[in-house]
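1. structure here, sequence nowhere to be found:
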């Protein structure tokens, strides 16, 4: 008897996904609940388990296709014995730890999708040609045609603008325009990358974003850490990092400046009386922001444990959708890559994001004398529609004070 | 019957009846007033439709006599003029009843009578039985169309001196026909009677026929018509027509003045153009402003100078074309309904239904030169088109004009068989801002005449393949 393999429900607000890859081939044996294919959604990858024991009878949707919840992906012949897979790479764990290889791509179709079923407007033939020859993505060119359609003239204009920008100094050798297509690689954006691109730009389009800076002397926290590192780890089974301090410092500041923990919804301001802190984690596939729920109710150890767990699972692509949703404030740490200063983009619809940076020993004037202190620049990007400059600056000063004198957190002052 | 409507349309032509239909579709109550008794206006009753019936029939007659032999067909044909006229009358009858059906289907009341605007929102209709019906209307759409223009000193009697109306109903084939005016109406009707046996002379005041058409197309068109036997006297004006014992004597004079000459003929067709029809509508008294040529002045939304009174079609500025009136009807009613209607005047095609046909959309080379726009041209002759060869219709060429920088199609001009059907593709291209390359890269079926358009489009960027 045949059983349909269907796209499962993937959580709120997720209705479609891309088939990332099939772990099984047609004819291959499967066990009930064994992962048989991987779906990429806007947020995470989801594995679809086999609904029954048997063999894959047919695969009706190939990798790269967009599917809706409920779409039939293929059939399983229940109870039938099939061939046994010989490719070890089909184990999802192995695949996740592999470097992200570009998915097999239908090469010339990268831009040319004249009959896309998903409702994307087909491009005009001349636009398609120019896109393929020059690598200019029509979606990035403002269209002057009906309903914003990109016309050949728009593409030629974009090409001209590009060539005027990168026009090389006159060379003595006569050289015509060079076709760059053969020297470039074109890869379809992953859904995660597309979502990141869309969300970040959306965030910039909607919020009135700006960034305020401060710097924090880390010597207090560093001293505390070196003093209690071992006993902390022994007792809680988790390393004592800086992130937990910053989460605590931010929550104390958020309680004082509630606007930074609020969001604008239509004509209303929604104040959140809970503190779900998003922690940006960089993975090979892109940025994800898992959320530490009710972080104000967690101990330092609880926060550190949650962050460590998220970090590991993010790198393995094992985060669940619901772990990425919501969040009232975010923290991103560019310091792990060596950044001294940056202006983070808000994680919409949140109104604030703290940027942490590299700890750098710098000469500071302390009581009229020069001392070398481990310093970190702090950045707070905020939505000026909701958060006033005074509030933003106060917030950041409060974070600074809480880090420089961790006792304040204990005493709640 | 209700006497109060959201929209009352005066005139039942392509502008008027389409306005009434669109109003019905958008849920507005409407009435369409027409005095002729048969809906469809000039187009359907004495214009586009009857002329096309005669053009087709006379073309077949002409082909049978002159072209069949070349294709290996021996035939003797005989003209049955009353039969041809009966075909025309039948077609017109069916289509006018079709319009009445469409009005009914869209719940628009068709009122036969003479409409008059008494005041804004107030229309009276003089009915056929002599009584008057008063109607109130939230919106009045003037779609009264146009009427023939006459030459000073020449009185149209619709017997021997005829307008286009009379020329559609001549009872016998005149031996000689003199056409005053080298526009599309004169050339179409001149073609009908030439094919049926008349000696046709076209007298035109300007130094070219079909003014407004692309110059190169016009010149080649004239050459083909001349080869078919039509005589042309350009830069010449008609100053008078006298009835003589043997027919008519027409007095001609060079356009710039000079010695007069006389020309003998049997029938004179006056087709020097049409003028907006606004008489007896009461426009002046309610304050509707007209321009110097008697046309209702409107804004881009078809509003006249009086709130609640709108105007579309021949009665306002622009080309006097049925489909232009139809486009304006849709846009005007959508504006009345609070939607956003607009007409792209750069994408309205025009067709001359002679053989070969002439069709154009967008700008001519002359217009672009005058505007100082840099352009490129691609051309392809039907002599190099396979389908044209097989149907022995190799006259003419297709011409695509595109912007020199952006390659956007600015104009398309076709002289050739079926040009009128093929121009729609070019109108769509212009409407959507296509480049010549877009047409060139769009598959066209082989073998068809439409391939000439593709090849001409390729020619814009110098890659015509089949020549």
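-> Arrived safely, thanks for sending. Please read these numbers as outputs of a predicted model, since none were measured by experiment.
2. residues from chain A in reach of chain B?
-> A:124-126, A:129, A:144-146, A:149, A:151-153, A:156-157 (C-beta under 8 Å from any C-beta of the partner chain). C-beta here means a position set from N, CA and C on the backbone, and glycine is covered the same way.
3. just confirm residue A:264 is within a helix.
-> No. Judged by DSSP: H, G, I helix; E, B strand; the rest coil, residue A:264 forms no part of a helix; its state is strand.
4. would you confirm that it contacts residue A:386?
-> Yes. Applying C-beta atoms under 8 Å, one finds residue A:264 in contact with residue A:386, separated by 5.7 Å.
5. which neighbours do those two share?
-> residue A:351 (C-beta atoms under 8 Å, 6 or more residues apart in numbering or on different chains).
6. just the closest residue of the stretch 51-200 of chain B to chain A, please.
-> Among all residues of the stretch 51-200 of chain B, residue B:141 sits closest to chain A, at 26.8 Å; criterion: C-beta to the nearest C-beta.
7. repeat for the stretch 301-450 of chain B
-> residue B:406 (2.7 Å).
8. which residue packs closest to that residue, ignoring adjacent ones?
-> residue A:153 (2.7 Å; C-beta to C-beta, 6 or more residues apart in numbering or on different chains).
9. which one of the residues of chain A next to chain B is nearest to chain B?
-> residue A:153 (2.7 Å).
10. number of nearby residues for that closest one?
-> When neighbours are defined as other C-beta atoms under 10 Å in any protein chain shown, residue A:153 has 21 of them.
11. now the residue of the stretch 101-250 of chain B found nearest chain A: how far from residue B:366?
-> Closest contact between the stretch 101-250 of chain B and chain A, by C-beta to the nearest C-beta, is at residue B:214 (22.6 Å). Remark: distance between residue B:214 and residue B:366 (C-beta to C-beta, to the nearest Å) = 7 Å.
12. comparing those two, which residue is more hemmed in?
-> residue B:214 (27 against 14).
13. please report phi then psi for the closest residue to that one other than its chain neighbours.
-> Closest residue in space to residue B:214, ignoring its immediate chain neighbours: residue B:364 at 4.0 Å, by C-beta to C-beta, 6+ apart. Main-chain dihedrals, residue B:364, degrees, to the nearest 10: phi -90, psi 170.
14. swap in residue B:156?
-> According to degrees, to the nearest 10, residue B:156 has phi -80, psi 120.
15. which stretches in the stretch 151-300 of chain A count as strands?
-> Using DSSP state E, counting those that start in this stretch, the strands assigned to the stretch 151-300 of chain A run over residues A:209-217, A:262-265, A:268-271, A:277-279, A:281-282, A:287-288, A:291-292.
16. what sits against the residue of the stretch 301-450 of chain B closest to chain A?
-> If you count contacts by C-beta under 8 Å, 6+ apart, then residue B:406 has A:151, A:152, A:153, A:156, A:157, B:435 around it.
17. any stretches of the chain with poor pLDDT?
-> I went with chain A, as the question did not name one. A:11-13, A:43, A:82, A:84-121, A:164-181 (pLDDT under 70).
18. oops, I was thinking of chain B
-> Checking chain B against pLDDT under 70 turns up B:1-2.
19. what residues are up against the closest residue to residue B:433 other than its chain neighbours?
-> Distance criterion C-beta to C-beta, 6+ apart; nearest residue to residue B:433, sequence neighbours excluded, is residue A:145 at 3.8 Å. Residues near residue A:145 by C-beta under 8 Å, 6+ apart: A:151, A:154, B:432, B:433.
20. these two touch, right, the third one and residue A:149?
-> Yes. At 6.8 Å, residue B:432 counts as touching residue A:149 under the criterion of C-beta under 8 Å.
21. and for the two, which residues touch both?
-> Between them, residue B:432 and residue A:149 share the contacting residues residue A:124, judged by C-beta under 8 Å, 6+ apart.
22. list the contacts for the residue of the stretch 101-250 of chain B closest to chain A?
-> B:360, B:364, B:365, B:366, B:399, B:411, B:413.
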